[in-house]
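>>> take a look and give me a structure for this.
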Amino acid sequence: MRLTSPPVPVFSLERVRFDEDYRPLDNTRTTTNFANLARGENRRENLRNAIRMIDNRFNELAADDNESADRYSVDLDIVSVSIDLDGGGDGERFPIIEVLETTIVDHRSGTRIPGIVGNNFSSYVRDYDFSVVLPAHNASGSGFSVPNDFGVLHGNLFRSFVASDAYTRHFAKAPVICLSLSSTKTYQRTDTRHPVLGVEYRQDEYSLTDDYFAKMGMTVRYFMPPRSAAPLAFYHVGDLLTDYSDLELISTIATMESFQKIYRPEIYNANSSAPARFQPSLSQRDYSLTRIEYDREERSRLAVEQGRFAQEHFIDPHRETLELWSAQFSARELEEAQA
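Reported below is the predicted structural model:
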């Protein structure tokens with residue numbers, strides 16, 4: 001019998017500190033970047049070095065009244081979000097999203113300052129979309145295209161979470177997600193400058209990732225912070241320039257630029273800065289390696305496995321419920337936008 005009134009999803013949150021003792025939770029995606037750093041013989045040194053990079057970059061950008069460049073440090077919590085589709089809060093939970101929350105520690109005043117939630121973004125359903133749905137749709141080899149409903153379910157799940165009581169109880173501001181640039185697009189420097197975010201870049205054509213995040217209710221701006229090698233993509237909901245303090249923005253830049261130096265050294269640890277017209281490339285050779293081990297090939301391989309895991313344990317068993325819920329969610333948002 002077809003469902004007519006799907007239950008309201010219930011979201012739950014679990015936190016774990018990202019420090020040199022970090023060990024991934026059982027439900028953490030193994031392709032999650034920070035989980036990749038926490039494996040192997042050198043896991044503790046990897047984590048310690050990554051955290052040191054973040055703190056050093058934060059103090060470099062937060063230089064006012066910080067002559068010794070050691071006033072601040074950044075605490076990172078991995079926020080794992082699970083969904084209960086039964087709506088009662090006590091049913092089977094499936095992990096759908098992982099993000100990072102920053103907290104700024106001012107060692108001079110002894111205060112802890114809330115940072116930004118989002119930063120890194122990890123999602124089983126995104127793995128399903130990009131590693132299962134998209135390849136299957138293009139299996140004929142007749143040219144690349146994207147399904148009409150590509151990313152709609154994922155976007156609705158994300159927006160439902162941000163609007164949920166679970167989100168508003170824990171976070172005061174909308175999320176900001178900071179990613180690397182697309183290597184298939186060209187970016188042009190503009191005259192817009194921000195004291196923390198740096199110089200703005202723009203592109204004429206959005207990438208598939210940009211469109212995917214648009215379905216999550218997020219727009220994107222590209223900024224190259226001071227003394228950076230390349231711009232970063234900042235996906236946000238409200239006004240990136242006015243909704244967040246300088247220290248909040250610095251916490252995101254320090255965290256995600258440090259990670260990108262590890263994950264994409266060809267772009268973000270390049271030995272020269274991006275020119276006015278810039279196309280990122282993972283094949284350019286003029287860059288430096290960090291002292292942190294990261295298995296990029298493993299991450300790409302496991303994305304397919306985890307996309308299939310999402311299909312087997314979340315999408316296929318609940319397809320009817322998800323499709324009906326998503327359609328009703330989209331219709332309700334359209335009505336609210338037209339009101």
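>>> now do the strands in the stretch 1-150 of the chain.
10-18, 72-84, 93-106, 111-123 (DSSP state E, counting those that start in this stretch).
>>> looking at these, which is nearest to H194?
Smallest distance to H194 across those (Cβ to Cβ): 15.2 Å, for strand 111-123. Yep, even glycine has a C-beta here, placed from its N, CA and C like the rest.
>>> redo the strands of the stretch 1-150 of the chain as TSV? Include distance to L302 and mean pLDDT.
Putting the strands of the stretch 1-150 of the chain into TSV (distance: least, Cβ to Cβ, whole Å; pLDDT from 0 to 100) gives the following:
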stretch	distance to L302	mean pLDDT
strand 10-18	20	91
strand 72-84	17	94
strand 93-106	14	94
strand 111-123	12	95
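>>> just send those strands back as TSV, with mean neighbour count and distance to A310 too.
Converted to TSV, the strands of the stretch 1-150 of the chain look like this (neighbours: other Cβ atoms under 10 Å; distance: least, Cβ to Cβ, whole Å):
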stretch	mean neighbour count	distance to A310
strand 10-18	16	17
strand 72-84	20	12
strand 93-106	21	8
strand 111-123	21	9
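>>> and the helices in the stretch 101-250 of the chain?
Ranges of helices within the stretch 101-250 of the chain are 124-128, 134-137, 152-162, 165-170, 208-214, 246-263, based on DSSP state H, counting those that start in this stretch.
>>> mean neighbour count, mean pLDDT and distance to F58 for these - can I get that in CSV?
Output for those, formatted as CSV (neighbours: other Cβ atoms under 10 Å; pLDDT from 0 to 100; distance: least, Cβ to Cβ, whole Å):
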stretch, mean neighbour count, mean pLDDT, distance to F58
helix 124-128, 24, 93, 28
helix 134-137, 13, 94, 36
helix 152-162, 21, 96, 26
helix 165-170, 13, 95, 23
helix 208-214, 18, 95, 25
helix 246-263, 24, 95, 4
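>>> now those helices in CSV, with distance to F278?
Formatted as CSV, these follow (distance: least, Cβ to Cβ, whole Å):
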stretch, distance to F278
helix 124-128, 26
helix 134-137, 26
helix 152-162, 28
helix 165-170, 35
helix 208-214, 16
helix 246-263, 15
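>>> distance of V196 relative to D127?
32 Å (Cβ to Cβ, to the nearest Å).
>>> ok, which of the strands of the stretch 1-150 of the chain comes nearest A270?
strand 111-123 (21.2 Å).
>>> and Q311, how many residues sit next to it?
Applying other Cβ atoms under 10 Å, we find 19 residues neighbouring Q311.
>>> may I have the phi/psi pair for it?
phi -60, psi -40 (degrees, to the nearest 10).
>>> surely it touches S131?
No: using Cβ atoms under 8 Å, Q311 is not in contact with S131, being 9.6 Å away.
>>> partner residues bridging the nearest residue to P9 once chain neighbours are set aside?
Nearest residue to P9, sequence neighbours excluded (Cβ to Cβ, 6 or more residues apart in numbering): I83, at 5.1 Å. Counting by DSSP bridges, I83 is bridged to F11, F94.
>>> hmm, back to that, what's the closest of the helices of the stretch 101-250 of the chain to I51?
Nearest of these (Cβ to Cβ): helix 246-263, 8.7 Å.
>>> rewinding a little: out of the helices of the stretch 101-250 of the chain, nearest to W325?
helix 152-162 (7.8 Å).
>>> and the closest one, what does it pack against?
strand 72-84, strand 93-106, helix 124-128, helix 208-214, helix 319-338 (3 or more Cβ pairs under 8 Å, 6 or more residues apart in numbering; DSSP states H and E).
>>> dump those to CSV, plus distance to G118.
What follows is the helices and strands packed on helix 152-162, written out as CSV (distance: least, Cβ to Cβ, whole Å):
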stretch, distance to G118
strand 72-84, 9
strand 93-106, 5
helix 124-128, 14
helix 208-214, 11
helix 319-338, 21
